[in-house]
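Trainee: next one to model:
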Amino acid sequence: MKIAVIIPAYKCKDQILTVLSAIPPLVSTIFVVDDSCPLNTGDYVTAHCKDPRVQVLRHTHNQGVGGAMCTGYKHGLAEDAEIFVKLDGDGQMDPSHIPRFVEPILDGRADYTKGNRFTSVEDLRKMPLIRLIGNLGLSFMNKLSSGYWKILDPTNGYTAIHRTALSLIPFEKISKRYFFESDFLFRLGLVGAKVVDIPVASRYADEISHLSPFKSLFEFSGKHLRNALKRLIYRYFLLDFNLASIEIVFGLFLVVFGLTYGGYNWWWSLVHQTFTSTGTVVLSSTALLMGLQLILAFLSFDMTLQPTEALQSRHNR
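Mentor: All right, here's what the predicted structure looks like:
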């Protein structure tokens, strides 16, 4: 299969040539997308890189990593590439791992592969603590919004995808900034693509991080909740309606009722210096506990709904 590597290039001039030189021969085409880089990384690659596989694409205005990837994906689809690998230009991702990322796709076992930095305790120790905590928080929210509960490190940007799954993704709806990887997983979940983790070690050198983990944790929370709501409505009410649909509706209702009713009566008792009746306490606590049990039952069912067959296999059959 024809394999294309896409490298969003923004402020990575000092590392880009090293990254390009390490890309293995199995890759047919390399798209370097200069995302209106102030360091003119695209011009630097054109002047100093002699690899015939490299094509430099340019944005007149900065569009973010998502915009750069969409540009690369579109050019790769137009040139009939079949597997697309995302590789950062700052040296954090080791290009020698590319064969490991494309192998499950070549074998028809996956539509999308992504890096997983959480498989080794030694690798975790190398990760800055603030990044580790932020990534763990983002990982949980990403699982909820995408439905891929069994994968780890969903915010990892080292990925590969088959054109069958890629052709089902609406590029115009994908987030163009740093929420790109999370939003992409959400879209893959909607089309039922099979995702496989690839263990990789993190590499931290003198690269500049453009994203604060804690800032993104708060910034992305609303977007994850929005995607989670969309996924639940699409999967459990539009495409299907089953016992889990009832569990999540009644579960949320009982939790909201228990918290609202109990909270109001607690406030009333506090203001008027009176005791809350036993019946009120029992009613609010029972509703809250029953609601939590229904939500947990729903989550348990939701975690079992993982795609077991790749889209490309179904398409070929």
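Trainee: name the spans of the stretch 201-317 of the chain whose pLDDT lies under the cut-off.
Mentor: Within the stretch 201-317 of the chain, the ranges that satisfy pLDDT under 70 run 202-217, 317.
Trainee: pull the distance from stretch 72-88 to the chain's centre.
Mentor: In terms of Cα atoms, centre = their mean, to the nearest Å, the centre of stretch 72-88 is found 18 Å from the chain centre.
Trainee: gap between the two ends of it?
Mentor: This stretch, stretch 72-88, spans 13 Å end to end (Cα to Cα, to the nearest Å).
Trainee: what does that stretch contact?
Mentor: Contact partners of stretch 72-88, identified using Cβ atoms under 8 Å, 6 or more residues apart in numbering, comprise 1-8, 12, 19, 23, 27-29, 31, 33, 55, 57, 69, 93, 95, 98, 101-102, 105-106, 157-163, 166-167, 171. Bear in mind the C-beta positions are built from the backbone N, C-alpha and C, glycine included.
Trainee: could you give me the buried positions within it?
Mentor: By 16 or more other Cβ atoms under 10 Å, the buried positions in stretch 72-88 come out as 72-73, 75-77, 81-88.
Trainee: now it: mean pLDDT?
Mentor: Across stretch 72-88, pLDDT averages out at 96.
Trainee: repeat that for stretch 27-40.
Mentor: For stretch 27-40, the per-residue pLDDT averages 95.
Trainee: can you check stretch 109-124 too?
Mentor: The average pLDDT within stretch 109-124 is 84.
Trainee: against residue 10, how distant is the closest residue in space to residue 197 that isn't next to it in sequence?
Mentor: Excluding the flanking residues, the one nearest residue 197 by Cβ to Cβ, 6 or more residues apart in numbering is residue 116, at 4.1 Å. Between residue 116 and residue 10 the computed distance is 25 Å (Cβ to Cβ, to the nearest Å).
Trainee: so for those two, which sits in the more crowded spot?
Mentor: residue 10 (23 against 19; other Cβ atoms under 10 Å).
Trainee: picking up where we left off before, backbone phi and psi for the residue nearest to residue 197, please?
Mentor: Per-residue torsions, residue 116: phi -140, psi 110 (degrees, to the nearest 10).
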